[in-house]
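Trainee: Mind looking at a prediction? Sequence and model below.
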Amino acid sequence: MTGWHVRNLGDAVLAHDVPVDVQRRFHNCSLALIGSGGAGVMTAGQILLDAATDAGYFGLMTRSTGPQIRGGEAAALVRLGVAPVACQDDRIDLLIALDWGKAERFADEIVLDADSLVIADPDEGEPPEWIIASDAKRFAVSLADLAREHRAARVNTIAVGLAAGLLGLDPESMSTTLRKLFESKGSRLVDGALAGLNAGMAAAAALPAPCRLAPAAPQPRWLLTGNEAVGMGALRGGVRFCAAYPITPSTEIQEWLAARLPQVGGCLVQAEDELASVNMCIGASFGGVPAMTATSGPGFSLMVEAIGLAVATEIPLLVVDVMRGGPSTGIPTKSEQADLGIAVYGTHGDAPHLVLAPNSIGDCLVTTQWAVFLAEALQCPAVVLSDQLMGQARAAITPPPDREWRAERRKAPAGRGNYQRFAETPDGVSPMAIPGTRGGEYTATGLTHMPSARPSAMVADHHRQLDKRRRKLFRFDFGAHWADIEGEGETGLLTWGSTTLAAREAVERVREEGLAVRLVSLRLLSPLDPVKISQALAGINRLLVVEQSHGAQFLRHLRAHCDLPARTQSLAEPGPLALKPGRIAAALRILSLEQAK
Amino acid sequence: MSPLDDLGTFLVHAVVLEDEAASRYDELADTMEVHHNDEVAALFRQMAAYSRLHLNEATAHAAEHAGGLPDLKPWEFDWPGTESPESGQAESSHYLMTPHHALRLALAAEESAHAFYAGIASHARCEQVRKLAAEFSAEEAEHAEALKEWLTRYPKPSRAWDEDLDPPAAGD
Amino acid sequence: MNSEPQLQIQALAHKDYKSAYKPVWCAGCGDFGVLNALTKALAAMELPPEQVALIAGIGCSSRLPAYTRAYGFHGVHGRALPVATGLAVSRPELAVIATGGDGDGFSIGGNHFLHACRRNVNLTYLVMDNAVYGMTKGQASPTTEADWTGSKLAPQGTHQQPFQPLEMALAAGAPFIARAFSNAPNELAHIITEAIQFPGFAFVQVLSPCITFRPEQMHWKKRVHEGFVPTADRREAFMALMDDDGFSTGIVYRAPRECYRPDTAKAVTLAEIAAGFEVVS
């Protein structure tokens, strides 16, 4: 479907006050680099993103790899634009293949069509059938020969030059970025890289550009991954202790925090397993220090008992689950939104707690910061559901705001004894004595207890504590950040997490065709507020619920708690590939054509 | 310093001996209450009360002692074994124990306390210590006699004294 | 009224460390002795109760924290050591003591035990070992003899080699290892004091008989004997453990080594950290 995707960029109207939705229609290009056996595809993609960002563009890079630790097949997907780029496009404008090693692994992800350009080294043999079948325009460039012309040039920097030349990236920015990247490796490599860049750009001049970027007007931007954003949000919120166990795709959060927590007076402990991680966090938080752990599905499964313990003992706790393909070991390097069930319902007993989900890389920071604030204010665990798509994608984004949410726990002052840790209060939150506070001594217990914390199996005590813990969550005013509600229309789209990004683009596309859609993206997944959700869906008579889950966990969760319009359609697709804007737009069109009941 | 040589040291031993006795009896009384063995609980409370009388005596002497009491850590005391003599064989308690058992336990405690004081009375190298130890020894002996008399009122329990038809309950 | 001068006798101060709750342990349970020893140790060190944290898992002995006046944490089965670790690392000025039984510590908690020994965070670990699961009515535990047939779950015996806590601790790197007996609370108090004052991970196995499910353990008091002499030589300690009959008490190994310390770094503001993401065009 062309026509809506404007590519010829004569008039570059890029004033800062052009509405974002208009900007999004123009001026973005998608490219993919593939190669294997240490060809350096990821580095090439990173260079392009960094250089484009330096030149003033927004951009996003995601990766795909084989299972080998090194030397495997790899794909770097980069989308660049003059306005914020939130998700990958439906299709690729430009594919540069350094070789064809196991390229069929990427056949589903790299969608080519007659408007696409494919460049490959003829010495690498015939392209695979799926490339030929796509009708993409194919051109041969002898990358290896070009690389041989300079001793230190590599095939991947030739590819960088090719891409830069075809897309219209500023040569100055390209050189500067390459210099910065290679300067620590010595002048020979710097020269080689620059030679490769220039050779590639020269070769590009002879080729038809499938897409060209308009000149960028630089704005303040941050370049980071969703995982780094989570770390930054945690620090801003006040986390000063982290215990964690490595697991793909969350390990980068732990590594980022390991270096920075000590800089702010905190620390990270690498635990022996996820059971230890989460319990260490509970220990630190019991001691008054805001604490978090980060994991993925399999690790989260090990943590659910401890989450229940934090609920029962009313101890603040942050658990970040960077979701990946499941179930069980699943697909560690791919994304899915199928941990919603375990996040909300995974711990035994009636144990209400917070479940939150960021819906962009920048929001990974803001929502994590919010989660810390909420967990501390409500003295309970907060689960933040991020995912591999946001977590490991690297993007240039508008700097996320500091919403000033800080950990502020209601603490009990020194007293003279008879301290009631779980005293009844109007809002359900009881002042918490921190060890070291005289007169506040108590024993926190996972056993059902009295207000004094003494264990009790009596009816009144059990009911009272259940009521209190539920009340403290359900009466809390969560403010505006609970959801993004955008646009007006009788057709609605309800989603959460990373799917929001493709959904937003889909909604913009159909809006241009005259279909008005309201987009609602939920950040507060538990507790759900049926009243607020009803208000958000007021006037909507056709609703598309979109999620990346084979079992439609989000839809079922909503149906369990809320009323939805009579005409509600589910678009629930499992991973490993992200839902694409085109797919969502198509579903919106079909839904809009149906007769409203 | 040894309790044989120094009044202050002897006094702190006496105070702790009586205090531990009282604590132990109270602990036993508490446990009996928790396990609904009220008759024996009451008995142990009484034993605790008697020990407190002795404790008050010893504390009064200690208050008069000009030098004050040495600050000894629990493991620095010079007991015959590792524990103070009247601390009682807590492990020979049982939730179904009868008054007979309780009195036997108390009697054994009193007799070791008596032996402790008597030993000090005969070997003390300090006159004040000898005098006081002899006094306390006599009191313990009296108390032991009283317990023996009490015991005659509580016959030996039957063979099935510890029979509980209910199986154990599980907790956490 | 002429009131008597209040006589402060430090040796009686340990009662201040007990809470008002009456333990629900069976009459004759060894854990009473441990509670007494612990309170005596805390009093001997004059630690303010609010500076002490007792962290337990699940089991009869894990009920101990609530019977003291210190801060306490009664968590889930087997996870006392991680909770204690998180607390001790982030609040190093507190005296953190993890307590629990042989099932909590060596079965479900076994992995954490090994890593706590090697991690060497400054905390104390007291395990009340009665070689049985009392709370759940008498199953075999890792320290139960292989031929004990008293459990319905293993009616012909476990057929498994009993776990050797002191050997495991020594192999895993614990720098302070001791055994004591619950019914000798003064000695135990001494060892607990040494353990708390030791800079690093201090492990004490306390033989603490279960009168209800292992009444034959009442004979332990005849078998327990002082036998260990503290050494800082690991080979000597291993040899002592090879010769041990399972009832020697005392500190067998004491070899301080550098405690676990979290990383430190020059202070940086959050704004400076955030600036690391900024793109300078």
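Mentor: The structure has been received and is ready for your questions.

Trainee: going forward, measure contacts and count neighbours with C-alpha atoms only.
Mentor: Will do.

Trainee: Identify the residues contacting residue 134.
Mentor: Assuming you mean chain A. By Cα atoms under 8 Å, 6 or more residues apart in numbering or on different chains, the residues touching residue A:134 are A:112-114.

Trainee: that's the wrong chain, I wanted chain C
Mentor: Residue C:134 is in contact with C:59-60, C:210, C:212-213, counting by Cα under 8 Å, 6+ apart.

Trainee: Can you select the buried ones among the contacts of residue A:134 for me in PyMOL?
Mentor: Command for PyMOL that selects the buried part of these, burial taken from 16 or more other Cα atoms under 10 Å in any protein chain shown:
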select buried, chain A and resi 112+113
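
Trainee: give me every residue that touches residue 123.
Mentor: Since no chain was named, I'll use chain A. Counted by Cα under 8 Å, 6+ apart, residue A:123 has contacts residue A:142.

Trainee: Oops, wrong one, chain C.
Mentor: Contact analysis of residue C:123 by Cα under 8 Å, 6+ apart lists C:84-85, C:88, C:95-98, C:196, C:199-202.

Trainee: hmm, 7 Å instead?
Mentor: For residue C:123, the contact set (Cα atoms under 7 Å, 6 or more residues apart in numbering or on different chains) comprises C:88, C:96-97, C:196, C:200-202.

Trainee: What about those, which are in strands?
Mentor: Per DSSP state E, strands hold the following members of the contacts of residue C:123: C:96-97, C:201-202.

Trainee: Same list (those residues) but as a markdown table, adding pLDDT and neighbour count.
Mentor: Below are those laid out as a markdown table (pLDDT from 0 to 100; neighbours: other Cα atoms under 10 Å in any protein chain shown):
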| residue | pLDDT | neighbour count |
| --- | --- | --- |
| C:96 | 98 | 25 |
| C:97 | 98 | 27 |
| C:201 | 98 | 27 |
| C:202 | 98 | 31 |
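
Trainee: Tell me the one among those nearest to chain A.
Mentor: For those, the closest approach to chain A (Cα to the nearest Cα) belongs to residue C:96, at 10.4 Å.

Trainee: my guess is residue A:310 meets residue A:382, correct?
Mentor: No. Taking contacts as Cα atoms under 7 Å, residue A:310 lies outside contact range of residue A:382: 9.8 Å.

Trainee: from chain B, which residue is nearest to chain C?
Mentor: residue B:91 (4.0 Å).

Trainee: For the residue nearest to that residue when sequence neighbours are not counted, list the residues it contacts.
Mentor: Leaving out its chain neighbours, the residue that sits closest to residue B:91 by Cα to Cα, 6 or more residues apart in numbering or on different chains is residue C:28, at 4.0 Å. Counting by Cα under 7 Å, 6+ apart, residue C:28 makes contact with B:90-94, C:211.

Trainee: again, but for residue A:269
Mentor: If you count contacts by Cα under 7 Å, 6+ apart, residue A:269 has them with A:242-244.

Trainee: next SSE after the helix or strand where it lies?
Mentor: Taking DSSP states H and E as the criterion, residue A:269 maps to strand A:267-270. Reading on from strand A:267-270 to the C-terminus, the next helix or strand found by DSSP H and E is helix A:274-286.

Trainee: Could I get the pLDDT score of the residue nearest the centre of chain C?
Mentor: In chain C, the centroid-proximal residue (Cα atoms, centre = their mean) is residue C:126; its distance is 1.2 Å. Per-residue pLDDT puts residue C:126 at 98.

Trainee: now the one 5 residues further on
Mentor: According to the prediction, residue C:131 has pLDDT 96.

Trainee: count of residues packed around it?
Mentor: 26 (other Cα atoms under 10 Å in any protein chain shown).

Trainee: before we move on, the earlier item: what's the mean pLDDT across the strand holding residue A:269?
Mentor: Across strand A:267-270, pLDDT averages out at 98.

Trainee: Which element, helix or strand, includes the residue nearest to residue B:138 when sequence neighbours are not counted?
Mentor: Leaving aside its chain neighbours, residue B:138 sits nearest to residue B:114 (7.6 Å; criterion: Cα to Cα, 6+ apart). Element membership for residue B:114, per DSSP H and E: helix B:99-123.

Trainee: Equivalent analysis for residue A:495, please.
Mentor: strand A:491-496.

Trainee: Can you give me the neighbour number for residue 251?
Mentor: Looking at chain A here, since you left the chain open. 19.

Trainee: Let me rephrase: I mean chain C.
Mentor: Neighbours of residue C:251 using other Cα under 10 Å come to 23.

Trainee: Chain neighbours aside, what residue packs nearest to it?
Mentor: In space, residue C:251 is closest to residue C:178, 4.1 Å off (Cα to Cα, 6+ apart).

Trainee: Could you list everything that neighbour pairs with in the sheet?
Mentor: On the basis of DSSP bridges, residue C:178 is bridged to residue C:204, residue C:251.
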